[in-house]
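Novice: Predicted model and sequence below, questions to follow.
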Amino acid sequence: MRNNHFTYLLMAFLMAISCESPTTLSTDVTETNDPLEGVWEFVSSKVTLPDTTIIYDSKTNQTGLFIMLGGRFAFVSTSPDKTNLTYAGHGSYTVEGNTFTEKTEFHSVTSLNGKSMKWEYEIEGEQFIKRGALPVWPEIKPFARDETEVQFEEIRKRRSN
C-alpha cells in the first residue's frame with residue numbers, strides 16, 4: 001500500500017511539472033552566443049521542384065512551433081485550425097558562422113530519421129530564414145521525378161511572450 005501512495009505522488013508531481021506553460025521558456029538570446037536559441041513560430045516554407053514550387057504558409061497549410069535550446073531542437077506543426085498533425089520531430093544542431101547543421105533523431109517523415117541536413121541561415125529582425133537542400137520525402141516524390149533532393153526555404157519568426 002505504501003508503494004502505491006509513493007507511485008501516485010510521483011505521478012502527480014510529474015504531471016504537474018509537465019503541465020507548466022510553454023511560455024516560461026526564455027526567448028531571450030542575449031544569454032547565449034547561439035543566435036538560433038529560442039522559440040520560433042512557423043511563417044512559411046517553399047519547396048522548389050523541377051516543374052513547380054510548393055508554398056506552405058501559416059494561414060492556409062500549417063502552423064507550428066520550433067524550440068531551439070542548448071544545441072537541441074524540437075518542433076511540431078499542425079493544420080491552421082490545429083485539428084491535424086502535419087509534422088513533428090527533434091534532434092540536435094550545431095552552428096558555424098551562417099551555417100547550421102540539424103541531425104534529425106526523430107521525424108514524422110520517417111525517411112528523414114537520422115539524416116543530417118546543412119542549412120545556410122540569416123536572421124533579419126525577428127525573422128529566421130533557412131535555405132538548403134532537403135531530401136525528397138514520400139509526399140513530394142511524384143513531383144520530384146528522379147531528384148533525390150529539393151531546394152527548401154523556410155521562414156520562422158521569433159515568438160514573443
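Specialist: Done, it's in.
Novice: contacts and neighbour counts: CA atoms only from here.
Specialist: Noted.
Novice: Return, as residue ranges, the portions of this protein with sub-threshold pLDDT.
Specialist: Applying pLDDT under 70 to the chain picks out residues 1-32, 161.
Novice: so what's the nearest residue to Thr148 once chain neighbours are set aside up against?
Specialist: Using C-alpha to C-alpha, 6 or more residues apart in numbering and skipping the chain neighbours, the partner closest in space to Thr148 is Val136 (5.4 Å). Listed by C-alpha atoms under 8 Å, 6 or more residues apart in numbering, the contact set of Val136 reads 144, 147-150.
Novice: element containing the nearest residue to Asp51 once chain neighbours are set aside?
Specialist: Leaving aside its sequence neighbours, Asp51 sits nearest to Phe143 (C-alpha to C-alpha, 6+ apart; 7.8 Å). If you go by DSSP states H and E, Phe143 is part of helix 141-144.
Novice: What strand or helix carries the closest residue to Arg72 other than its chain neighbours?
Specialist: Closest residue to Arg72 apart from its sequence neighbours, by C-alpha to C-alpha, 6+ apart: Ser92 at 4.2 Å. Assessed by DSSP H and E, Ser92 sits inside strand 85-96.
Novice: Name the next helix or strand downstream of that strand, please.
Specialist: Defined by DSSP H and E, the subsequent element after strand 85-96 is strand 99-107.
Novice: Now do whichever helix or strand comes after that following strand: which elements does it pack against?
Specialist: Counting by DSSP H and E, the next helix or strand C-terminal to strand 99-107 is strand 116-124. Where contact means 3 or more C-alpha pairs under 8 Å, 6 or more residues apart in numbering; DSSP states H and E, strand 116-124 is packed against strand 99-107, strand 127-135.
Novice: Okay, now the sheet partners of the first one, with direction.
Specialist: This points to strand 99-107. Applying DSSP bridges, strand 99-107 is found paired with strand 85-96 (antiparallel), strand 116-124 (antiparallel).
Novice: what's the angle between the shortest one and strand 127-135?
Specialist: The directions of strand 116-124 and strand 127-135 differ by 160 degrees, with axes from the mean of the first three to the mean of the last three C-alpha atoms, to 10 degrees as the criterion.
Novice: try the longest one
Specialist: Here the directions of strand 85-96 and strand 127-135 differ by 100 degrees (the same axes, to 10 degrees).
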